[in-house]
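Novice: Just to be clear, the model below is a prediction. Sequence and coordinates:
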Amino acid sequence: MRYSVKILFTLLLATTIAYSQVNSNVLKRQAEILIKEGRYKEAIDQLHKFIAANPQLAEGYHLRGLCYETTTEYQYSVLDLRRARRLDPSNKQIQIDLNRVISTWHALLYKKIEGHKRDIAVDPNYAFSYLEIGKSYRWLEEWSNAELWYDEYLKRDDNASPDEIIRYTEILAKTGSIVKGERILKKYVDRYPDDWRLWSRYGYFTLWLSKTKIAEDAFKKALSFKPFFKEAEDGLDQARNQAYLLQYQPRAYEKVYPIDRYTSILQRDPENNQIRYNLINELIAANRYEEAYQQLQILQTSQSDNDEFKSLLKTVTDYRDSTFNNAVTFYTEILKKDPTDKQAVIKLAEAYSNLFYFDNAIEILSEYLENIPEDQDLDARFLYSKYCAWNYEWERSISQLNKLLQYDPNNLDYQLLRGQIAVWTVLDFDIAEKYLLNVVANRPNEIHAYISLASMYSCKKNFPEARKYLDIAKSIAPDDPEVETAESNYAIHLSAYEEQLVFEIKAEAGRYVDDGNCEEARKKYEEYFSKRTAPTRDELREYADIVACTKDFPKAIEIYDKLLNDEFDYRLAVKRARIYYYNKDSLMAVSELESLRKIKPDDDELNLFLADAYAVTDQPAKAEKIYRELISKAENEQELKDLNKRLVFLGEYYIRNKELERADELFEELLELPDNSYIKKDIDLSRMYLADAYTLEGEYGRAEDIYDELLESTTDTSEVRILKQRLSWIPPSGFSRGINSIGNFFYGFIPTNVGLSPFTNYYADNQNLKLWSYGLRLDAGIFGFLGIGGYWGRTNIRTDLFNRNFTTIKGILSIYFSQLVSLSGSYGVLTVPGEPNKNIGDITFRYEKPESFSVAAYYENNDARLILYSPTLINIRYKSELYRLTGYYQLKDLMRISGFYSYYKLSDKNEGNDFQLRIGKKFFDNAYFGYEYFFSDFAFISTYYYSPQDFDSHSLWCEYSWKYGTSLKGNFGGKLGYVPKADFVISEIYAEAVYNLIKYLNISGRIGFSNSFRYDAGYRSFSASLSAYWSLF
Amino acid sequence: MKFPRIILLFFIVLPLAIHAKPIPYSNNSNDNFILSGFGFYSGSDVFTQSRIQLGKFVPLSGNTEQMKKFFNALKNSKEKVIKIAHYGDSLIQGDVISEWLREKFQERFGGKGAGLLQIVSVDIKMRQTTKHTFSDDWDYVAIITRNPDRLPFGISGSVAVPKPGSWVKYESTNYLSSTSSFRIIKFYYSNADNSTTFQYTVNNKTKTTIQLKPGNNVQELKIDLKDQVTSIELKFVSGKAPYCYGVSLESGNGVYLDNFPMPGNSGVSLADIPKNIIKDFNELIEYNLVILTYGANVNSPNKNIFNLYENKMVTIIEEFKTLFPNASFLLIGVGDKTMKRGNKFITNPDVSLLLEAQKKIIEKTGITFWNLWESMGGENSMDSWVNAAPPLALKDYSHFTQLGGQRVSQLLFDSIMDLYQKMNR
């Protein structure tokens, strides 16, 4: 059964083929008969059928071509004869016929062209004539001419049909004007957004320009209107890199051309030069010279020496040059006849621009625009502006663009170019940002805007934004060389920015140096070094300076040694010598500086260092000589003052060197200087040392004279006291020595100074305690180092229920070991009505440098009521012993640390201690702010007096010092703190002042209020005191 | 009874903080521990501890014969002022390369001073050879700025117009000995009239009032200060505001190199300097050598840009040759301009095209050429310069550090002197 079926099927097939062959032969014979009878149209119909049945046979096309020749339908004739030739290339008759038809047809076409040109001479604005010429050239396959005349047609008829545009783009595809085609198609897809053919063509043109994303969108658009439009489907496949080869002979736009294949390969492998060469050859073969030229640009960077490249470049540039030169000639001729022909001007300028003769293009446009009102022919103006920009004439371009934007502010082309210029010139980024962002908002595929935005944000160091726009540009045209350049620029900007951040670390070090914070500067500099390959010599020098500033002189010297060992540098050597000096290696400093002086004897800076070094190495005379030379050359007052200050200090070195007379003369000389107030204090101090030295040398007379002179010129009581003390140490000399030699013993008992000091204090709290005390103290200095005195004081303590008076009488003895060290103590009796008398006393050891630092140890034995201030203790007679250590330190007038520690021992067996630490910093002139920690703890809680358990508080404090003239000065301040244990806020304010009423009489006062915490409740107290000190003589 | 927790700290800190009184030092700024110089750029010379010396000697090429004009002038440097105009892009900004070239020329042929400085400049923070300050009320335009009013640029490509009280001050620094002081100043201006009055202050103390010469041509006000000084301040007092082009700091005969940076420029903007102004300047100054250091900013995806650049530069150089008839011309080729490809910074492929264009410029104009790219080490050499220890180029892979500038100037100076010696054998 199955066998029978097969036979039947074979017979049927054979019959069908045989029938069709028979039938087609019939058709052919009929056609030949009709031809012989001259019935060509009918013959053509028969041949249509024959060809449909036998498309592989040349004879059908041949015959039909001859028919068309006879009916003068030459274009079809040529088409058929060419098909016939392709199917049977060895058939010479076909070729002869083809040549003949072409020859006849072309002659006719040229005549037609001439005819239309005559029409144009009559009516140059008749668009149809231009179209017909364009079509004729198209048939003649003179693509360049066809393009030119189509251009002319389109200039005169802005309403060209989509069909004409489709034909026009075929010409452009032949001439290789892909960029131009893309532009035209963009315009027409905007105008005819529903025409899928235009969208498809637009897709191909953009695809050929490697704008795959745009192409893909265009093909999709075409398919959205006509879903199975083969041309667009194939285009979409190519755009998506899914192209395939068709096995049958494809039609235009259905075929995967080698050009597309090579383009596709290059998208995946842009470095494949051989494929690019293949592509260029194909492009040239397809007359697509402009694209070939673009591909050659890509190769130029790496292949400029390659012979094939040179040959291709010559072919293409020759073609381009000849094309554009033809255009130049053509349009120049037109302009000669009509210089106002705008389109000719534009075409000529474009041709010049393509030849890179921007100067000429600009000149042509400039001449034309000269007589055109500003608000007209904006397209020509824009072209002018564009060519100016391309010719680096930014100002002219910007000026023209500003006008254009005035008349058409929303024009995206204008905005784009203005934005690009701003980016190219790195000027007006605000303008660039505004326009470019607007362009991309309205033209999401405008790659140049994205590239410019990426460049701009890279320059502005806004790298996330730059990256964003770069990525968009890459997604639109991944292989565009401009995108690659933009990406590289981005990377370079980023790299530079990262380095700038490293430099910023060094700059930060510089700022720390400016603020005097060398420690932090050094840390920063070391951090900077850790991020660099190696320091430069200058950086090492700067670093050494900073290290020296941190007083790490050995390290600084080490760095200078290294630098100087590598290469001697005079200035560095001077610096090192100076660091020797600071490192207290004065002898080394002198030796270095003396050597360097031989190199540059007139270097004032060096000489100054050398003089300083001489001074500290006990060579004051040498130092003085240099100082005096420098004084004679001093160029300004500041220099002079600095040098005079040095002379003052030099005096001290003379003293140290026991050249007292020289020092004396020097000070006398300096005292005679006009306006010497800036050194007066220093001179006085140095002269006191001088007088001390005279004393030690036994030259009491001169010492006494100096002390007396100093006494006359000072009003400061402490200075007066010191000077008097010094005077008291001087043994009588000269006449007085004689007089006093007898009663030297008695002389010692005559007080050198006597001071009287009345005082009063008041204290009250919210626990019903009031305390008032007053009294008098008398001090007298004897023997120059001893002080004796007496104290009488009465203290009244009262509560609502009780009232007690305490009277103290004490003798005082003080020993002054030196200006800084003293020991004093008092001993006496405390009288309380109704109670036995009690012996009391205190002792203080003090080491103090006024306004710099102080440390004191204190012991007091007294009645507890006079120490603990407690209302419930008023009738209790406890003995108390107080040990206290106090101190303060003032650091460079910037920071202050102070505190005390007290230990109490009471006769009820209780004991306790208080501790306070204050650290403050000077934030403004005369104003300190700081932190206070206070701690107090007793062994057990007594019901008679405040005896806290593990109490501590943390406070912020401030203090402001002020002066009014020379006679009044004071402080006021306060604190605000927190007691964690009680969750309580404490506070305190106070004010104090010293008033110099008359010479030798000072009045001091203090008033304060504090709010603290005691017995689980707030404790508030008020205190006030007033005292006077009268130095009797 | 408990003791306070931080009591120990207090008593340890106190004695440590006590220190002896140091001998006071003067307030003179030179006495400060820290010198100035925390600018963006760093380094002045090589910290030479066994470091690899990058770059190599490359002789001058092209038409070296025309350098004779300059070399002949150099022979008379003891008797006259020899001037070099160094035009360039951002490569020479901040006096980089120029400063050391000047130093070397002055070291060998005499002269002391920074040469012609603009009135207002954008690179003052980078410039270490002169501390340059000015009031912010000058109307300043330059080739690198917008110039909407089309003010005529001076020879440096800039011009500044003062308002009453506008001032500019130049202070020499100790950075290089060649620029550590000066004795003569030359102030260049135009468009003054009889009412135009300036005041100059020398070394912050001596003030002198002067009236400028009227005229539309470029004028020179020469002031011989008699002694070497370190600062000069010019202040516009009253009258018609002139176009101010710059001040030259000099000290008599010798070589003076004027640094004219135009960042971001390819050199084609030199055409924007009015010819009459260049001519005026050259009559007053007479340049003996014009150095052109451009190329890094010639960039376009269209490689024909190099033809355009070539044509434009040829036109400009030919024009300059007529405007500076007694000068030799030296074109310094582009350096190793880079681009990032993948993770590597490689020589930008445009470099070879640009060098080709520059060689054509040399052929067409008949001037002398020095191949910086080759001298740097050729292909991908910039990467080595950036990663040198210490770095010779910045991480923008385009600009030299001052240290790198010193190296380039040394290589260039060696090449110039090599030819000088050959020609004087």
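Specialist: Perfect, I can see it now. Numbering: from 1, shown residues only, chains lettered A, B, ... in the order given.
Novice: Which parts of the stretch 51-200 of chain B are strands?
Specialist: Taking DSSP state E, counting those that start in this stretch, the strands of the stretch 51-200 of chain B run over residues B:61-62, B:81-88, B:115-117, B:130-134, B:139-142, B:158-161, B:167-172, B:182-190, B:197-202.
Novice: what distance separates the longest one from the centre of its chain?
Specialist: This means strand B:182-190. In this view, strand B:182-190 has its centroid 17 Å away from the chain centroid, taken as Cα atoms, centre = their mean, to the nearest Å.
Novice: can you pull out the strands in the stretch 51-200 of chain A?
Specialist: Under DSSP E, counting those that start in this stretch, the stretch 51-200 of chain A gives no strands.
Novice: if we can go back for a sec, just so I know, which of the strands of the stretch 51-200 of chain B lies nearest chain A?
Specialist: strand B:139-142 (10.0 Å; Cβ to the nearest Cβ). (Glycine included, C-beta is placed from N, CA and C.)
Novice: Okay, now the sheet partners of that closest one, with direction.
Specialist: Partners of strand B:139-142 in the sheet, by DSSP bridges, are strand B:158-161 (antiparallel).
Novice: Now do the strand it pairs with, average pLDDT.
Specialist: Mean pLDDT, computed over strand B:158-161, is 96.
Novice: element containing the closest residue to residue A:863 other than its chain neighbours, please.
Specialist: Spatially, and ignoring its direct neighbours in sequence, residue A:863 is nearest to residue A:830 (5.8 Å; Cβ to Cβ, 6 or more residues apart in numbering or on different chains). Using DSSP states H and E, residue A:830 maps to strand A:821-831.
Novice: Neighbouring strands - and their directions - for that strand?
Specialist: Within its sheet, and counting by DSSP bridges, strand A:821-831 is paired with strand A:803-816 (antiparallel), strand A:838-849 (antiparallel).
Novice: Give me the contact list for it.
Specialist: The contact list for strand A:821-831 (Cβ atoms under 8 Å, 6 or more residues apart in numbering or on different chains) reads A:787, A:791, A:806-817, A:837-848, A:862-863, A:866.
Novice: Confirm residue A:952 sits in a strand?
Specialist: Yes - assessed by DSSP: H, G, I helix; E, B strand; the rest coil, residue A:952 belongs to a strand.
Novice: Run through the bridge partners of it.
Specialist: Counting by DSSP bridges, residue A:952 is bridged to residue A:935.
Novice: What segments of the stretch 901-1033 of chain A are strands?
Specialist: Counting by DSSP E, counting those that start in this stretch, the strands of the stretch 901-1033 of chain A are A:911-924, A:927-938, A:951-964, A:968-979, A:984-998, A:1001-1014, A:1017-1031.
Novice: so which of those strands comes closest to residue B:54?
Specialist: Taking Cβ to Cβ, strand A:911-924 is the member of the strands of the stretch 901-1033 of chain A nearest to residue B:54, at 50.4 Å.
Novice: Neighbouring strands - and their directions - for that closest one?
Specialist: strand A:895-906 (antiparallel), strand A:927-938 (antiparallel).
Novice: Export these as a markdown table, with columns for mean neighbour count and distance to residue A:565.
Specialist: Formatted as a markdown table, the strands paired with strand A:911-924 follow (neighbours: other Cβ atoms under 10 Å in any protein chain shown; distance: least, Cβ to Cβ, whole Å):
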| stretch | mean neighbour count | distance to residue A:565 |
| --- | --- | --- |
| strand A:895-906 | 19 | 40 |
| strand A:927-938 | 19 | 48 |
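Novice: Turn the ones you listed into a markdown table, including distance to residue A:135.
Specialist: Shown next, in a markdown table, are those (distance: least, Cβ to Cβ, whole Å):
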| stretch | distance to residue A:135 |
| --- | --- |
| strand A:895-906 | 97 |
| strand A:927-938 | 94 |
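Novice: Tabulate these (TSV), appending mean pLDDT.
Specialist: Below are the strands paired with strand A:911-924 laid out as TSV (pLDDT from 0 to 100):
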stretch	mean pLDDT
strand A:895-906	92
strand A:927-938	92
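Novice: From residue B:384, how far out is the closest residue in space to residue A:560 that isn't next to it in sequence?
Specialist: Nearest residue to residue A:560, sequence neighbours excluded (Cβ to Cβ, 6+ apart): residue A:576, at 3.9 Å. Residue A:576 sits 33 Å away from residue B:384, going by Cβ to Cβ, to the nearest Å.
Novice: With residue B:114 instead?
Specialist: 31 Å.
Novice: Compare those two (neighbour count), which wins?
Specialist: Taking neighbours as other Cβ atoms under 10 Å in any protein chain shown, residue B:114 and residue B:384 compare with residue B:114 leading, 29 against 16.
Novice: pretty sure that one contacts residue B:182?
Specialist: Yes - with contacts counted by Cβ atoms under 8 Å, residue B:114 reaches residue B:182, the gap being 7.3 Å.
Novice: Show me which residues of the stretch 201-350 of chain B sit near chain A.
Specialist: Contact residues (Cβ under 8 Å from any Cβ of the partner chain) of the stretch 201-350 of chain B with chain A: B:203-205, B:264, B:266, B:268-269, B:299, B:301-304, B:307-308, B:311-312, B:338-341, B:345, B:348-350.
Novice: Which helix or strand contains residue A:486?
Specialist: Using DSSP H and E, residue A:486 sits in helix A:481-514.
Novice: mind checking which of the strands paired with strand A:821-831 is nearest residue A:464?
Specialist: Residue A:464 sits nearest to strand A:838-849 of all these, at 59.8 Å, using Cβ to Cβ.
Novice: Okay, buried residues for that closest one please.
Specialist: Within strand A:838-849, the residues scored as buried using 16 or more other Cβ atoms under 10 Å in any protein chain shown are A:838, A:840, A:842, A:844-846, A:848.
Novice: Switch these over to CSV; also include pLDDT.
Specialist: What follows is the buried residues of strand A:838-849, written out as CSV (pLDDT from 0 to 100):
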residue, pLDDT
A:838, 90
A:840, 93
A:842, 94
A:844, 94
A:845, 94
A:846, 91
A:848, 86
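Novice: about what we covered before: export the strands of the stretch 51-200 of chain B as TSV, with columns for mean neighbour count.
Specialist: What follows is the strands of the stretch 51-200 of chain B, written out as TSV (neighbours: other Cβ atoms under 10 Å in any protein chain shown):
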stretch	mean neighbour count
strand B:61-62	19
strand B:81-88	24
strand B:115-117	26
strand B:130-134	19
strand B:139-142	20
strand B:158-161	25
strand B:167-172	21
strand B:182-190	22
strand B:197-202	18
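Novice: Reformat those strands as CSV; add distance to residue A:235.
Specialist: Below are the strands of the stretch 51-200 of chain B laid out as CSV (distance: least, Cβ to Cβ, whole Å):
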stretch, distance to residue A:235
strand B:61-62, 53
strand B:81-88, 50
strand B:115-117, 63
strand B:130-134, 62
strand B:139-142, 52
strand B:158-161, 55
strand B:167-172, 65
strand B:182-190, 64
strand B:197-202, 73
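Novice: Figure out which of those strands is closest to residue A:772.
Specialist: That would be, of the strands of the stretch 51-200 of chain B and by Cβ to Cβ, strand B:130-134, which comes in at 67.2 Å.
Novice: related to what we said a few turns ago, could the strands paired with strand A:821-831 go into JSON lines alongside distance to residue A:549?
Specialist: What follows is the strands paired with strand A:821-831, written out as JSON lines (distance: least, Cβ to Cβ, whole Å):
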{"stretch": "strand A:803-816", "distance to residue A:549": "40"}
{"stretch": "strand A:838-849", "distance to residue A:549": "26"}
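Novice: Relative to residue B:369, which of these is closest?
Specialist: Minimum separation from residue B:369 across those (Cβ to Cβ) falls at strand A:838-849, 74.1 Å.
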